[in-house]
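In: requesting a structural model of the entry that follows:
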Amino acid sequence: MELGPSGANLAGVLDRLRDKSPERFEALNEQLGLWIPEFNRVLFETPQTGHRSIALRTREGGHVIQANNLSQGTLIALALLTIAYLPDPPSIICLEEPDRGLHPRLLRDVRDALYRLAYPEDSKENRKPVQVLATTHNPYMLDLFRDHPEEIVITEKIGLESKFTRLSDRTDLKEILGDAPLSEVWYSGVLGGVPAGK
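Out: Predicted structure coming up:
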């Protein structure tokens with residue numbers, strides 16, 4: 001059972017995690033409550049034979065909110081947590097705007113989940129690191145990586161092609177950044193990665 005490119009099979013992956021790695025499933029539930037405090041538990045339902053679905057339980061009142069009634073941001077957060085707590089995640093994970101639909105206060109949590117995958121030893125995980133590729137247009141997300149320019153690649157469209165530049169390869173980076181937030185410098189266009197004509 002694997003999580004599909006669009007998040008398909010999330011219920012099955014979570015159900016398997018609960019059965020095969022209950023400690024990880026409990027840790028995921030704990031993190032879910034920290035990320036999105038109105039919820040405290042992932043629940044499972046069987047809407048029809050051979051199908052599993054998920055729901056979240058509210059902290060207050062214990063109301064069950066089915067997945068199709070959850071916001072896109074909540075589902076993205078749950079999928080990210082699921083990936084981060086898998087005992088044997090894929091060797092490479094590509095995420096298009098993992099911050100989409102999330103409150104800006106959750107961005108540090110998203111970054112930490114990505115770091116849990118990429119730097120397992122920091123989370124006392126005994127597995128190989130995962131290569132994580134994530135795109136963002138969010139300046140707040142970018143600011144979280146200011147101290148790690150080696151982890152940032154600026155993509156710039158030139159005609160029908162794309163040019164990739166690792167931020168740490170810029171010899172003038174310290175001079176350009178100074179004390180300014182990375183997002184402001186990126187937004188100014190000095191680093192590239194700005195749509196043509198803007």
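
In: contacts and neighbour counts: CA atoms only from here.
Out: OK.

In: name the SS class of the residue sitting furthest away from the middle of the chain, please.
Out: Relative to the C-alpha centroid of the chain, counting by C-alpha atoms, centre = their mean, Thr49 is the outermost residue, at 31.8 Å. Classification of Thr49 using DSSP: H, G, I helix; E, B strand; the rest coil returns coil.

In: likewise Phe164?
Out: Of the three states, Phe164 takes strand under three-state DSSP.

In: quick one: pLDDT of Ser188?
Out: At Ser188 the predicted local confidence, pLDDT, stands at 87.

In: actually Gly197, not the one I typed
Out: In this model, Gly197 is scored at 62, pLDDT.

In: all strands of this structure, in order?
Out: Remark: strands of the chain, listed N- to C-terminal, are 39-45, 53-58, 64-66, 92-96, 131-135, 153-158, 161-166; assignment by DSSP state E.

In: from the chain's centroid, how far away is the last one?
Out: Between the centre of strand 161-166 and the centre of its chain there are 23 Å (C-alpha atoms, centre = their mean, to the nearest Å).

In: now do the shortest one
Out: Centroid separation between strand 64-66 and its chain, computed with C-alpha atoms, centre = their mean, is 23 Å.

In: just stretch 102-109 next, same as before
Out: Stretch 102-109 sits 10 Å away from the centroid of its parent chain (C-alpha atoms, centre = their mean).
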